[in-house]
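Asks: I'll drop the sequence and a predicted model, then ask my questions.
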Amino acid sequence: MPTFFGRRYMRDRVPATERAIGAVCLVIAIGIVGGFIAQTREKKPPFFAVDPAKHPPVVPPELRHAQSLLPDRPAPGWVRQEPIRILDPTGVERSMPGQSASISEAGVVRTFEALYLNRADSRQQLTARIFELPGAEAAAALFDVTRPQSAVGEPAGVRGWRDGNERVGFYAGRYLTLIDGRNLPPDALLTPTLLARELADRQVPFESTAAVRPAGKDGPQSSPPAESKLPTVAPTIWSAPAGIAEYNPGNLWEKINGRAEQYLAFDFERLVFGSYALVRDLSATVDCYVYQMRDAVKAFGIYQAERPEHVTRAAIGNDGYRGERSLFFRKGRSYVQLVVGESAEVDGEQLTKLAEGIAAWLPDSEVGIWAESVLPKDGRVEGSFVFLAKDAFSLDFLGQVFAAEYESGDVRMTLFVHEAKDEPAARGLVEQYARHARRLGKVLERTDDSAGSVLSAEFSGEFDIIFSTGRYFGGATMASDLEAGRRRAMSIRDELKKR
């Protein structure tokens with residue numbers, strides 16, 4: 001019978017090759033056994049232990065918080081440049097020197113700052129700054145003082161503003177967020193408005209409960225009494241308000257879809273809605289809308305924008321008028337609409353009682369509308385005095401304008417005034433207007449001196465005479481007669497020089 005290496009007769013004569021192979025196999029076997037014994041005696045760390053030298057870096061809680069508020073990729077092609085800057089109040093003051101005093105007084109705890117870039121064109125940039133404050137009251141106060149004069153309302157957070165197409169600000173809870181854009185084309189995939197909405201979704205929008213807001217240019221701005229959202233008035237005639245609901249700039253569209261944008265342009269802040277019913281007939285209801293704007297001027301602006309040309313005046317609040325089954329008035333920074341239900345039988349006296357009770361409950365502004373005394377009364381078309389929040393006379397660089405129409409015989413024109421931030425800003429509007437006139441019309445004359453500028457232009461047979469004096473910009477537009485327009489414009493300029 002054969003063996004593994006040969007036949008039986010070869011057992012006593014093993015070849016040298018086979019002896020060498022056997023020796024090698026024996027050495028390998030001894031090495032394996034010896035290595036196994038040595039491994040079992042060696043002390044080792046647990047199988048899942050992590051080398052301390054290879055620990056991932058610990059992310060500070062402040063940075064994790066910042067990352068939760070500031071997304072890394074807010075839009076296709078846009079990325080957040082690393083790292084996010086976390087600034088203390090001193091660092092914020094260096095970053096925003098023009099507003100350092102306001103930030104210092106507000107008690108900012110810290111600020112998260114991020115720069116967003118378009119990867120296809122790094123010149124397109126957005127800077128987002130989120131200020132963390134001690135509470136919602138402090139955030140609301142800083143929102144008020146940092147808001148540009150030329151800004152309009154923006155639906156972001158609790159309250160927001162937009163200044164042109166490259167600056168947006170809003171507050172929500174204890175955070176104030178400011179966003180600045182640079183070199184953004186009209187079709188940019190990420191704009192300050194879009195980034196603001198993305199950031200607002202990451203913040204809890206609880207509101208300040210302060211009853212009185214900081215005083216501004218138009219004096220103290222008070223909210224309605226805190227004990228009630230809407231008052232109970234004439235209790236023998238009207239029941240207490242029911243179905244009360246509140247809306248802010250972020251959700252106003254839910255109540256007045258299609259009209260919210262117009263209210264935001266006049267710095268809408270809050271809507272309180274409720275229904276009143278007659279005590280003798282609870283099916284006879286009146287819907288009450290109390291719109292609160294930023295100040296009395298903005299309330300006047302939205303009131304005038306919605307008022308029909310021919311109305312029946314009502315002596316309620318600062319100004320009011322009646323509709324067929326409705327009553328509208330303004331008082332202070334509030335604009336009130338009372339709308340009778342479709343099948344309700346409510347007479348004019350009952351509706352008046354309701355309106356007077358609400359008007360008595362609403363606080364009034366301590367400061368009037370300054371332009372009322374500047375624009376002349378003689379020749380003014382009744383009901384034509386308006387406040388234009390933005391794009392006045394189809395000019396995208398002009399807003400916050402008071403204007404009124406005038407007629408005298410065959411001569412007609414519109415007179416207007418605007419209060420700019422300062423004298424350089426007013427002169428800058430003259431420069432922009434001059435470019436507009438050269439592009440679409442003809443500049444007839446221009447003079448510049450230490451008192452300001454005066455420019456006359458013609459547009460298809462109508463004349464514009466505009467001026468600046470100090471921080472004011474104004475004049476006559478669409479005048480049918482050049483000299484009549486010039487006299488009116490210079491009269492307004494002389495009046496403004498006294499202010």
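Replies: Thanks, I have the structure now. Numbering: from 1, shown residues only.
Asks: going forward, measure contacts and count neighbours with C-alpha atoms only.
Replies: Fine.
Asks: List the contacts of the helix or strand where residue 321 lies.
Replies: Applying DSSP states H and E as the criterion places residue 321 in strand 319-322. Here strand 319-322 makes contact (Cα atoms under 8 Å, 6 or more residues apart in numbering) with 311, 312, 313, 314, 315, 327, 328, 329, 330, 331.
Asks: Now, of these, which are buried?
Replies: 327, 328, 329, 330, 331 (16 or more other Cα atoms under 10 Å).
Asks: Save the residues you listed as JSON lines, and put in secondary structure, distance to residue 77 and pLDDT too.
Replies: Shown next, in JSON lines, are the buried ones among the contacts of strand 319-322 (DSSP: H, G, I helix; E, B strand; the rest coil; distance: Cα to Cα, whole Å; pLDDT from 0 to 100):
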{"residue": "327", "secondary structure": "strand", "distance to residue 77": "51", "pLDDT": "95"}
{"residue": "328", "secondary structure": "strand", "distance to residue 77": "49", "pLDDT": "96"}
{"residue": "329", "secondary structure": "strand", "distance to residue 77": "49", "pLDDT": "96"}
{"residue": "330", "secondary structure": "strand", "distance to residue 77": "47", "pLDDT": "94"}
{"residue": "331", "secondary structure": "strand", "distance to residue 77": "48", "pLDDT": "94"}
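Asks: closest to residue 146 among these?
Replies: Of all the buried ones among the contacts of strand 319-322, residue 331 has the smallest distance to residue 146: 25.9 Å, by Cα to Cα.
Asks: From the contact counts, what lies against the lengthiest helix in the chain?
Replies: When the chain is parsed with DSSP state H, its longest helix is helix 16-41. For helix 16-41, there is no helix or strand it packs on, judged by 3 or more Cα pairs under 8 Å, 6 or more residues apart in numbering; DSSP states H and E.
Asks: Follow the chain on from it and name the next helix or strand.
Replies: helix 61-69.
Asks: residues of the helix or strand just after that following helix that come out buried?
Replies: With elements assigned by DSSP H and E, the helix or strand that comes after helix 61-69 is strand 78-87. Judged by neighbour count (16+ other Cα under 10 Å), strand 78-87 contains these buried residues: 78, 79, 80, 84, 86, 87.
Asks: Run the chain-centre distance for stretch 480-495.
Replies: 37 Å (Cα atoms, centre = their mean, to the nearest Å).
Asks: And the contacts of it?
Replies: 374-376, 411-413, 415, 461-469, 474-477, 479.
Asks: Out of the residues you listed, list just those in strands.
Replies: In strands, defined here by DSSP state E, the members of the contacts of stretch 480-495 are 411-413, 415, 462-469, 474-477, 479.
Asks: Kindly format the C-alpha coordinates of the strand holding residue 321 as CSV.
Replies: C-alpha atoms of strand 319-322 as CSV (Å, rounded to 0.1, in the frame of the first residue of the first chain):
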residue,chain,number,x,y,z
ASP,A,319,-60.7,110.4,10.2
GLY,A,320,-63.4,108.0,9.0
TYR,A,321,-66.0,107.2,6.3
ARG,A,322,-69.0,105.0,5.8
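Asks: Now that strand: buried residues?
Replies: In strand 319-322, counting by 16+ other Cα under 10 Å, buried: 320, 321, 322.
Asks: For it, which strands pair with it and how are they oriented?
Replies: strand 312-313 (antiparallel), strand 326-331 (antiparallel) (DSSP bridges).
Asks: Give me the contact list for the host helix or strand of residue 417.
Replies: For residue 417, the enclosing helix or strand under DSSP H and E is strand 411-419. Residues outside strand 411-419 that contact it (Cα under 8 Å, 6+ apart): 371, 375, 399-407, 426, 471-481, 484-485, 488-489.
Asks: Buried subset of those, written for PyMOL?
Replies: PyMOL command restricting the contacts of strand 411-419 to the buried ones, with burial defined by 16+ other Cα under 10 Å:
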select buried, resi 371+375+399+400+401+402+403+404+405+406+426+471+472+473+474+475+476+477+478+479+480+481+484+485+488+489
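Asks: could you give the mean pLDDT of the longest helix of the chain?
Replies: The pLDDT scores in helix 16-41 average 77.
Asks: Equivalent analysis for stretch 197-206, please.
Replies: Here the average pLDDT along stretch 197-206 is 85.
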